[in-house]
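Peer 1: below: sequence and its predicted model.
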Amino acid sequence: MMNSIIFALMKIFLTFDYELFFGKQSGTVAKCMLEPTADLFKLAKGKDVAYTFFIDVGYLIQADRYPELFDEVTKVKSQIKEMINLGHDVQLHIHPHWEKARFTEGAWEMNTRNAYRLSVFDSEDRLAIVKSYKLYLEALIGREVISFRAGGWCIQPFSELRDVFKEVGLKIDSSVFHNGYLITNDYNVDFRRAPLKSKYKFEMNVCEEVKDGSFTEYQIASFRYRPSFYWMLYGLGKVLPSKHKMIGDGEFISQGGNKFLSLTGYTTTHVSTDGYYAKKLDAGLNKAEHLEHNEIIIIGHPKGNTTYSMNKLNKFIVNNHKKHTFTSFVKES
Ligand SMILES: [Zn+2]
């Protein structure tokens, strides 16, 4: 009799934040959302691969107000419906600074100051934003939404969002990444105390496991990147733009001195499909296997696709789709 080969099946969540840029230039819907997402659809086709798209609903709500944006926002809405029709998952992503955004002279004017995180709004506004954005998305896709990713991962302090989550029926968060730390004028992220687990229950504090907590955290997988990785990342975009330039045509919001830190010492950030980060998809999966995690949550952004990253992601899917399951929140709930 043959010994049966036992190997742990990993649940792989490929999650994409579907959004424009929030720096000086938002970029175009065609290059940041529509085209790169259509490219992602192609990679998944015929392979039983479900992605999760976290939809930046604030954009839709604001864009609805401007007749000149009718065509582009109609295309975005129809692509979101296509996600559902293709078997992908659609969940809630909130960048509350859309509340203060205005479209003037053909461009978005973003004002992130005192608006980048839900925690800077008062409790009434927090509830109104989360509730209305969630209802908007549910009306668009025709089903309930239970998972959340905070814009810029700014989910803290969760004690200020707990009652909102309860009231609107959000049960899952996927904003935390172990050892993540990013404090700037806009960001307020400190996940250094988060458990080294892919999934855990919590109640008042997203970084503290509570066995019978009301909510489940699906942590985004994190990875320790060496400085040489970033020298390559920043250098290749300049030297080999055809392979390494992101399709998204906007500008990132400033992350303070983060670039300098990443070039001079080890830093922790996500396992990601974005640009050069896709180099570490296999290493990220190996780390999750080594830690004996049952799932790995990988983050990406359609706007962050490069020729290089799509090639790497394609290989990652081809090599793993028979060994592991590419699943989503709606499939697991
Ligand atoms: Zn986002």
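Peer 2: Received the coordinates, thanks. Numbering: from 1, shown residues only.

Peer 1: next, give phi and psi for the residue of the stretch 51-200 of the chain found nearest the ion.
Peer 2: At 4.7 Å from the ion, residue 151 is the closest residue in the stretch 51-200 of the chain, using C-beta to the ion. Heads up, the C-betas are built off the backbone N, CA and C, glycines and all. Torsion angles at residue 151 (phi, psi; degrees, to the nearest 10) stand at phi -60, psi 130.

Peer 1: what about the closest residue in space to residue 86 that isn't next to it in sequence, how many residues nearby?
Peer 2: Using C-beta to C-beta, 6 or more residues apart in numbering and skipping the chain neighbours, the partner closest in space to residue 86 is residue 41 (6.1 Å). Residue 41 has 15 neighbouring residues, counting by other C-beta atoms under 10 Å.

Peer 1: if I look at residue 41, how far off is residue 317?
Peer 2: 12 Å (C-beta to C-beta, to the nearest Å).

Peer 1: how close does whatever residue of the stretch 201-333 of the chain ends up closest to the ion sit to residue 233?
Peer 2: The ion sits closest to residue 301 of the stretch 201-333 of the chain, with a gap of 7.3 Å, by C-beta to the ion. Here the distance between residue 301 and residue 233 works out to 15 Å (C-beta to C-beta).

Peer 1: these two: which has the busier surroundings?
Peer 2: Each of residue 301 and residue 233 has its neighbours counted (other C-beta under 10 Å); residue 301 has more, 22 against 19.

Peer 1: moving C-terminal of the helix or strand bottoming out on mean pLDDT in the chain, what's the next helix or strand?
Peer 2: None of the helices or strands of the chain scores lower by mean pLDDT, DSSP states H and E than helix 258-264, at a mean of 89. Once helix 258-264 ends, the next helix or strand along the chain (criterion: DSSP states H and E) is strand 267-270.

Peer 1: residues of the helix or strand just after that next one that come out buried?
Peer 2: Downstream of strand 267-270, the first helix or strand assigned by DSSP H and E is helix 281-290. Neighbour counts using 16 or more other C-beta atoms under 10 Å place 281, 284-285, 287-288 of helix 281-290 among the buried residues.

Peer 1: dump the residue contacts of the residue nearest to residue 316 when sequence neighbours are not counted.
Peer 2: In space, and not counting its chain neighbours, residue 316 is closest to residue 281: 4.6 Å by C-beta to C-beta, 6+ apart. By C-beta atoms under 8 Å, 6 or more residues apart in numbering, residue 281 lies in contact with 271, 273, 298, 312-313, 316.

Peer 1: on that earlier part again, which SS class is the residue nearest to residue 86?
Peer 2: helix (DSSP: H, G, I helix; E, B strand; the rest coil).

Peer 1: what of residue 130?
Peer 2: helix.

Peer 1: isn't it up against residue 168?
Peer 2: Yes - counting by C-beta atoms under 8 Å, residue 168 is a contact partner of residue 130 at 5.7 Å.
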